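# Return a 3D structure for these sequence lines:
(one chain, ligands or ions: 1)
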Amino acid sequence: MPEIIYGSLIAEKCRTETAEKTAHLKKRTGKAPRLDVIIAGDNPASRIYVRNKEKAAANTGIVSIVHALPVETPRENLLQRIAELNENPEVNGILVQLPLPNPEDEKIVTQAVSPDKDVDGFHPLNLGRLMLREDGFTPCTPRGCMRLIHSVLPDISGLNAVVIGRSTIVGKPMAQLLLNADATVTTTHSKTTDLPSVCRRADILVAAVGIPRFVKAGWVRDGAVVIDVGINRLENGTLCGDVDFEAVLPKCRAITPVPKGVGPMTIAMLMENTVEAFCRQNGIDPAQRTNPSL
Ligand code: GUN
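Numbering: from 1, shown residues only. Now for the predicted structure:
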């Protein structure tokens, strides 16, 4: 029987563990971890994400401060705010919600966040550390996907993994994490020749393209584990993933649903990264990694 991997349940467990950790840290240091989130403009999806981050922080004992800036905020003001947060010793983690109103600002703004407070893991130094398997911050969505994969496949050494999508936020770090865990990894993208046959080789298939129901049943090998990162809103208002869930389900060993799959894990991993930042900044061993490949 195919298993549906409910990220929502695994995320709840992660949040409970994080709450226990923050309670312990508060006792030990008298302080709570603090996450500062910058949101510029009024993108409705971003507002929902930020509200969910605030809720998760409240549930895990993390202090969260939201800096809501107007859509017309000049780049210099954004950079000024980040510089203040970098300098402020009370702030452990900084997240700039993407997309920014001016997408051209994203590179410089992402790189302005101190790598020591970069709980998104988007700074080039942290992406480099991921490649070198050194301690740093791992982007939250791929880190959450690895947890979901490990929930059904504790050892992925030697398995074939195919990632659809090569974004900096998901596809590329995802492929690197799979490689770090000794999978044989193929990253595919819009120029890939005969994508269905490449996907059919996958023991682990991760879809992160942003196209509703893009992955068809005929692309999936019998017994594959399928991770669907897509969150697409259809015209009728319902959400669906990048995988044709109903058709693919019978072929899988396990598959994540949308919603209640990868989405909740991203926020749970953000909370873990924030606690990890707090620990490092306070000279405490985070003992945070549940899997050495992360
Ligand atoms: N927008 C969509 N996903 C993310 C994320 O993981 N981090 C940030 N900062 N912005 C996002």
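# Closest residue of the stretch 101-250 of the chain to the ligand?
Closest approach between the stretch 101-250 of the chain and the ligand, counting by CB to the nearest ligand atom: residue 120, at 4.8 Å. C-beta: built from backbone N, CA, C; applies to glycine.
# The closest residue to the ligand within the chain: how many residues sit nearby?
Going by CB to the nearest ligand atom, the ligand is nearest to residue 98 of the chain, at 3.7 Å. Residues near residue 98, counting by other CB atoms under 10 Å, number 18.
# Could you do the one 3 residues further on as well?
Residue 101 is surrounded by 15 other residues when neighbours are defined as other CB under 10 Å.
# which element is it on?
Under DSSP states H and E, no helix or strand contains residue 101.
# helix/strand/coil for the residue of the chain closest to the ligand?
coil (DSSP: H, G, I helix; E, B strand; the rest coil).
# The residue of the stretch 101-250 of the chain closest to the ligand against residue 95, yeah?
Yes - Residue 120 lies in contact with residue 95 (CB atoms under 8 Å); the separation is 5.3 Å.
# what sits in contact with each of those two?
Taking CB atoms under 8 Å, 6 or more residues apart in numbering as the contact rule, residue 120 and residue 95 both touch residue 270.
# Geometric centre of this protein: which residue is closest?
residue 141 (1.6 Å; CA atoms, centre = their mean).
# Nearest residue to that one in space, please, no chain neighbours.
Spatial nearest neighbour of residue 141, excluding adjacent residues (CB to CB, 6 or more residues apart in numbering): residue 266 at 4.6 Å.
# May I have the predicted confidence score for the one you found?
At residue 266, the model reports a pLDDT of 98.
# Show the contacting residues for it.
140, 141, 144.
# Now the last one: which helix or strand?
Spelled out, it's residue 144. helix 140-152.
# Show me what secondary structure element comes after that helix.
On the C-terminal side of helix 140-152, the closest following helix or strand by DSSP H and E is strand 160-164.
# Okay, now the unreliable bits of this protein?
288-294 (pLDDT under 70).
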